[in-house]
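Undergrad: The following block contains a protein sequence and its predicted model.
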Protein chains: 2
Amino acid sequence: MTRPGPHLALLLLGSYRKLVDAAVRELADRGHDDVRPSLHYAMSAIDLGAESASELGRALSVSKQAAAKTIAVLVQRGWVAVEDDTADRRRRRLRVTDLGHRVMREGEAIFDDLRKAWAERIGDDELARLEELLTAFVGADTIRLESPGWIAAEQSSIAE
Amino acid sequence: MTRPGPHLALLLLGSYRKLVDAAVRELADRGHDDVRPSLHYAMSAIDLGAESASELGRALSVSKQAAAKTIAVLVQRGWVAVEDDTADRRRRRLRVTDLGHRVMREGEAIFDDLRKAWAERIGDDELARLEELLTAFVGADTIRLESPGWIAAEQSSIAE
DNA sequence: CTTTACTCGACAACAAGGTTGTCCAATCCG
DNA sequence: CGGATTGGACAACCTTGTTGTCGAGTAAAG
């Protein structure tokens, strides 16, 4: 046992990575190579209404240039399609393809399975309690599920 | 609420980032600019016995080249000193300086404070329980505290 | 001793996922 | 209308990691 503070951070990061690594590995086994969490969240944000690169950037709390790069990857894999916007000819409208939705559904199913496996080990109520505690810490009202980067952008009012 | 599986991953990542962001910010306020967690863990690993770049790489589960880059930063900031090894003239021995130790102690104190603030919000026993659950998930026996990257390396055999 | 194998660390190129800054075309607004 | 703003492309760069290559130093046969 080391100092409790840094250890807690390590535990949180370790749990996240264990979960994500397992999901990425499992997704690869099912034929979807190299699905990064960020790609999943980007598609999710598009589905939730981020129709253009700029909007996606705002939704994910990253620059529009970063969003454009992510979109380029998604398009190249055939998970997202872009079309010209007839109403606003500057914009390029985004749409998750059927293939993209399939990848998302598989990813979600895998995460659900992993969560279930964890629940079986520590108990359903314990896991629910854990999620509750984490939610309380992260701030339930400001949580933006489509984004893995919302924390940094959030107004930082950590208890001190 | 969205699907529980992905949400859990987001909660874990979010909690980690909230904790680390707060610590980095607080450390900056105290005059230690841009202390990345990886720098802290690298110094910790050096203190724990990683005396050379190659050893540090192994301790952190990264390539020796990546370790060398981290060392370069630490040396440039005066947190780590390198000396020639008289016994093995290939090696450059690493040592955390007094200044480095001071930064580490401050970082640990801040993490402890943040943990305490969290404990006050949700209760001491609840936080302890949370740590217990996370430890169980991450795998208590394989945990390597000095490394934020041990998870990925854990079950995928050997590297380098 | 010498040869062969291995290790250490340096250097270079590159990847992922971000960041700024610049620029132009299109749209909005006063 | 004309200026301000927005959308997106392009480029350069940062961080933190990855390979690959290499020469020098050490270890271990033979």
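TA: Yes, it's here.
Undergrad: Give the burial count for A:Arg25, as a bare number.
TA: The number of residues packed around A:Arg25, counting by other Cβ atoms under 10 Å in any protein chain shown, is 13. Backbone N, C-alpha and C define where each C-beta goes, glycine included.
Undergrad: what about it, which helix or strand?
TA: Under DSSP states H and E, the secondary-structure element containing A:Arg25 is helix A:4-29.
Undergrad: just checking, what packs against that helix?
TA: In terms of contact count using 3 or more Cβ pairs under 8 Å, 6 or more residues apart in numbering or on different chains; DSSP states H and E, helix A:4-29 is assigned the packing partners helix A:37-47, helix A:98-122, helix B:4-29, helix B:98-122, helix B:124-138, helix B:150-154.
Undergrad: which residues sit in contact with A:Arg93?
TA: Under the criterion of Cβ atoms under 8 Å, 6 or more residues apart in numbering or on different chains, the contact list for A:Arg93 reads A:Glu51, A:Ser52, A:Val82, A:Glu83, A:Asp84, A:Asp85.
Undergrad: phi, psi of the closest residue to A:Asp84 other than its chain neighbours?
TA: Of all residues beyond its chain neighbours, the one nearest A:Asp84 is A:Arg92 (6.5 Å), with distances taken as Cβ to Cβ, 6 or more residues apart in numbering or on different chains. When quoted as degrees, to the nearest 10, the phi and psi of A:Arg92 stand at phi -120, psi 110.
Undergrad: what's the answer for the one 3 residues further on, then?
TA: With angles defined as degrees, to the nearest 10, A:Arg95 shows backbone torsions of phi -150, psi 130.
Undergrad: would you turn the helices and strands packed on helix A:4-29 into JSON lines with mean pLDDT and distance to A:Glu131?
TA: Supplementary listing: the helices and strands packed on helix A:4-29 in JSON lines, determined by pLDDT from 0 to 100; distance: least, Cβ to Cβ, whole Å:
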{"stretch": "helix A:37-47", "mean pLDDT": "92", "distance to A:Glu131": "18"}
{"stretch": "helix A:98-122", "mean pLDDT": "91", "distance to A:Glu131": "9"}
{"stretch": "helix B:4-29", "mean pLDDT": "84", "distance to A:Glu131": "6"}
{"stretch": "helix B:98-122", "mean pLDDT": "91", "distance to A:Glu131": "13"}
{"stretch": "helix B:124-138", "mean pLDDT": "85", "distance to A:Glu131": "10"}
{"stretch": "helix B:150-154", "mean pLDDT": "43", "distance to A:Glu131": "20"}
